[in-house]
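Participant: Just need the structure, nothing else, for what follows:
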Amino acid sequence: KRGSGDQPASEPAPDQALGRSRGGLSTKIHMVVRGLGCPVRFALTAGQRGDAPQAEALLKDLPADVVLADAAYDSDRLRKLISDQSAQAVIPSNPSRARKYDLDRVLYRERHLIECCFAKLKQFRRVATRYEKTARNYAAVVTLAAIVLWLR
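Facilitator: Now for the predicted structure:
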């Protein structure tokens, strides 16, 4: 039997980056990669959480000339953050957006580097299936996989 002093009732349970999405329980990996497709930073969130708010923390204090992202990251706030860092945002406008932005299609083709990075990460079975119960352990597995990608 647990004593009443083990964990205060007012303390919330830690966020395990698990959430419901269309496919069931899932975790999103938000990642920043360099020009050669090597992972630099990442964050884990629950499957139903939005993408654009996570990008702000990932891009903070990160030098870049161009920031490529998909339409899920399209927000005025993120575009302002990118322009404040003297970088160019190459993000397609969300189809539901009233004000559309021009897209440099030649630069946008380079976004395949992030897709290739995720494909390489998913080659690690523990990353692809998330056997770990805690977000801390899963983040450690993703970090180890990213290190291996850097070493290749």
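Participant: residue ranges for the strands of the protein, please.
Facilitator: With strands called from DSSP state E, the chain shows them at 19-21, 24-33, 39-46, 66-68, 88-90.
Participant: can these go into a markdown table with extra columns for mean pLDDT and distance to residue 124?
Facilitator: C-beta coordinates here come from the backbone N, C-alpha and C atoms, glycine included. What follows is the strands of the chain, written out as a markdown table (pLDDT from 0 to 100; distance: least, C-beta to C-beta, whole Å):
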| stretch | mean pLDDT | distance to residue 124 |
| --- | --- | --- |
| strand 19-21 | 75 | 21 |
| strand 24-33 | 89 | 12 |
| strand 39-46 | 92 | 12 |
| strand 66-68 | 93 | 24 |
| strand 88-90 | 94 | 29 |
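Participant: can I get those in TSV with distance to residue 135?
Facilitator: TSV is the format used below for those (distance: least, C-beta to C-beta, whole Å):
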stretch	distance to residue 135
strand 19-21	11
strand 24-33	8
strand 39-46	5
strand 66-68	26
strand 88-90	29
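Participant: For residue 127, find the nearest of those strands.
Facilitator: Comparing the strands of the chain against residue 127 with C-beta to C-beta, the closest turns out to be strand 24-33 (8.1 Å).
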